[in-house]
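Visitor: Take a look and give me a structure for this.
(chains A and B)
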Amino acid sequence: MIHPEDFELLRRIVKSRSGLTLSPDKAYLLENRLMAVARKWGMNEIEGLAATVRGAPNEELLREITEAMTTNETLFFRDQSPFDQLEKVVLPRLLEARKNTRHIRIWSAGCSSGQEPYSISMVIKQLGAALNDWRVDILATDISRAMLDKARAGLYTQFEVQRGLPIAMLMKYFSQAGDKWELDPGIRAMVNFDEFNLLNDPTPLGRFDVVFCRNVLIYLDQPTKTRVLENICNLMPDDGVLYMGGAETVMGVTEKFQPVNEYRGMYEIAKRAAAGYGTASQNYASNA
Amino acid sequence: MKSCLVVDDSRVIRMVARKILEELEFEVIEAEDGQVAIDRCNQVMPDAVLLDWHMPVMDGIEFLYALRQLPGGDKPQVVFCTTKNDLSHIQEAISAGANEYIMKPFDSEIIQSKFSQVGLI
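Guide: Here you go, the predicted model:
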């Protein structure tokens, strides 16, 4: 059993580096996940790990501790409807609104092993000729280097390609590589992966017309959620669109975004409300 | 309540599939090979078929061709569920009229994901 003071130390490291909030009932989880890190660093117990952190905190070790605590659960076309909306509502509107610049930028924030940004590229690929001569940038970021490496490799297990991915998409965009499935290089080339910590200022990443930040904020505390969402808002044009996870809400977190009544999971910028996806701010109630 | 015909020569697989499908609120009918499955479809056409490939008497592909010739046989959503997990078999199944394809081993999440993709849930 982990010592309470060791738990507190490690919890604080994870929290300050990633925003991840670990309540005392997560002690077992922390212990399980960090045992692998401890062993890798030649220690047999969490106690040794904590002592090392106290004595000579090594940047690489602190990073691995943090990464080990992130949740990387993801699947292709998770919840389906955001990707249907992207194809049928959001991109057609952007095609009209951006016809002068012919440039669209999409950010997958907290992309894990890449299923979300690659689902976005598949949607864009399906639009085909409508996007000829357009530049569509997809930036996918995550705090975990291990996840980014996996995402860049574009190799998925049989289990992973059967979660959310329709068989027609598997046939079209994947090839077999041993016991894994490899995503088409053309689809992979549409996404740029970069390491980014959502606690940092995202301004250098540029402007984004669409931001997917789904099932990421659920692990953060309220003030951090607010800060992340308001930072995202600052990167978006008036008609920008944000997607959050099915169980997430902006209620009590920020007033900068409001849910779009007609489209589950979709949020528009509240004050400016220029997107015209929804109608009015009274949409809150029906989405709650 | 929607019905699903589970066609597999393994009693264990049929049992596991039944349990998962009943949790998804399907009425489950079983058949141990393609010929028995055709007989069941001639009695009542199911909404869905979860179909193994390799079976004695009549295999999954033969069943699928026969099913699609039956009156009303275009209606069921057919989801293959097989250990044949290479692209050429997948292509063969889809051209024969399958709607989705599951590579064994499967779990409840995969069944749910595939069934919802073809609009069964």
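
Visitor: Please enumerate the helices of chain B.
Guide: For chain B, helices defined by DSSP state H occupy the ranges B:11-23, B:34-43, B:60-69, B:87-95, B:108-117.

Visitor: possible to save the ones you listed as JSON lines with mean pLDDT, mean neighbour count and distance to chain A?
Guide: Using the backbone N, CA and C atoms, a C-beta is placed for each residue, glycine as well. Output for the helices of chain B, formatted as JSON lines (pLDDT from 0 to 100; neighbours: other C-beta atoms under 10 Å in any protein chain shown; distance: least, C-beta to the nearest C-beta, whole Å):
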{"stretch": "helix B:11-23", "mean pLDDT": "98", "mean neighbour count": "16", "distance to chain A": "14"}
{"stretch": "helix B:34-43", "mean pLDDT": "98", "mean neighbour count": "18", "distance to chain A": "21"}
{"stretch": "helix B:60-69", "mean pLDDT": "98", "mean neighbour count": "19", "distance to chain A": "14"}
{"stretch": "helix B:87-95", "mean pLDDT": "97", "mean neighbour count": "15", "distance to chain A": "6"}
{"stretch": "helix B:108-117", "mean pLDDT": "94", "mean neighbour count": "20", "distance to chain A": "5"}
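
Visitor: Grab the most central residue of the chain for me.
Guide: Since no chain was named, I'll use chain A. Among the residues of chain A, the one closest to the centroid is residue A:110, at 2.3 Å (C-alpha atoms, centre = their mean).

Visitor: try again with chain B
Guide: So for chain B, C-alpha atoms, centre = their mean, it's residue B:50, sitting 1.8 Å from the centre.

Visitor: quick one: contacts for that one?
Guide: By C-beta atoms under 8 Å, 6 or more residues apart in numbering or on different chains, the contact list for residue B:50 reads B:4-8, B:17, B:21, B:79, B:81, B:102, B:111.

Visitor: contact partners of the helix or strand hosting residue A:105?
Guide: Using DSSP states H and E, residue A:105 sits in strand A:103-109. Strand A:103-109 is contacted from outside by A:91, A:94, A:98, A:116-117, A:120, A:134-141, A:191, A:196, A:198, A:205-213, A:216, A:232, A:235, using C-beta under 8 Å, 6+ apart.

Visitor: who does it pair up with?
Guide: Strand A:103-109 sits in its sheet next to strand A:135-142 (parallel), strand A:210-212 (parallel), going by DSSP bridges.

Visitor: Kindly report the domain assignment for chain A.
Guide: As given by automatic domain parsing, the domain ranges for chain A are A:4-68, A:81-287.

Visitor: Can I get the strand holding residue A:105 in CSV, CA atoms only?
Guide: Output of strand A:103-109 as CSV, limited to C-alpha atoms (Å, rounded to 0.1, in the frame of the first residue of the first chain):
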residue,chain,number,x,y,z
HIS,A,103,-8.1,27.3,-45.9
ILE,A,104,-9.6,25.4,-42.9
ARG,A,105,-7.8,24.6,-39.7
ILE,A,106,-8.9,21.8,-37.3
TRP,A,107,-7.4,20.9,-34.0
SER,A,108,-7.7,17.6,-32.2
ALA,A,109,-6.7,18.5,-28.6
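
Visitor: Could you point out the helix or strand that follows it?
Guide: Assigned by DSSP H and E, the successor of strand A:103-109 is helix A:115-127.

Visitor: could the strands paired with strand A:103-109 go into CSV alongside mean pLDDT and mean neighbour count?
Guide: Output for the strands paired with strand A:103-109, formatted as CSV (pLDDT from 0 to 100; neighbours: other C-beta atoms under 10 Å in any protein chain shown):
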stretch, mean pLDDT, mean neighbour count
strand A:135-142, 97, 20
strand A:210-212, 98, 25
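
Visitor: Sort out which residues of stretch A:55-74 are buried, please.
Guide: For stretch A:55-74, a neighbour-count test (16 or more other C-beta atoms under 10 Å in any protein chain shown) marks A:61-62, A:64-70, A:74 as buried.

Visitor: Just confirm yes or no for that stretch near chain B.
Guide: No: residues of stretch A:55-74 are not located near chain B by C-beta under 8 Å from any C-beta of the partner chain, the shortest gap being 11.5 Å.

Visitor: Could you give me the buried positions within the helix or strand harbouring residue A:223?
Guide: Under the criterion of DSSP H and E, residue A:223 resides in helix A:222-234. Buried residues in helix A:222-234, counted by 16+ other C-beta under 10 Å: A:224-229, A:231-233.

Visitor: which among those residues are in contact with chain B?
Guide: Of the buried residues of helix A:222-234, not one also sits near chain B (C-beta under 8 Å from any C-beta).

Visitor: Export these to a markdown table and append columns for pLDDT.
Guide: Shown next, in a markdown table, are the buried residues of helix A:222-234 (pLDDT from 0 to 100):
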| residue | pLDDT |
| --- | --- |
| A:224 | 95 |
| A:225 | 96 |
| A:226 | 97 |
| A:227 | 97 |
| A:228 | 97 |
| A:229 | 97 |
| A:231 | 97 |
| A:232 | 98 |
| A:233 | 97 |
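
Visitor: Which of those residues sits closest to chain B?
Guide: Ranked by distance to chain B (C-beta to the nearest C-beta), those are led by residue A:225 at 28.0 Å.

Visitor: Quick check: the gap between the closest one and residue A:107.
Guide: From residue A:225 across to residue A:107, the span is 17 Å (C-beta to C-beta, to the nearest Å).

Visitor: where exactly do the strands run in the stretch 151-288 of chain A?
Guide: A:155-157, A:174-177, A:180-183, A:191-195, A:210-212, A:241-243, A:257-259, A:266-269 (DSSP state E, counting those that start in this stretch).
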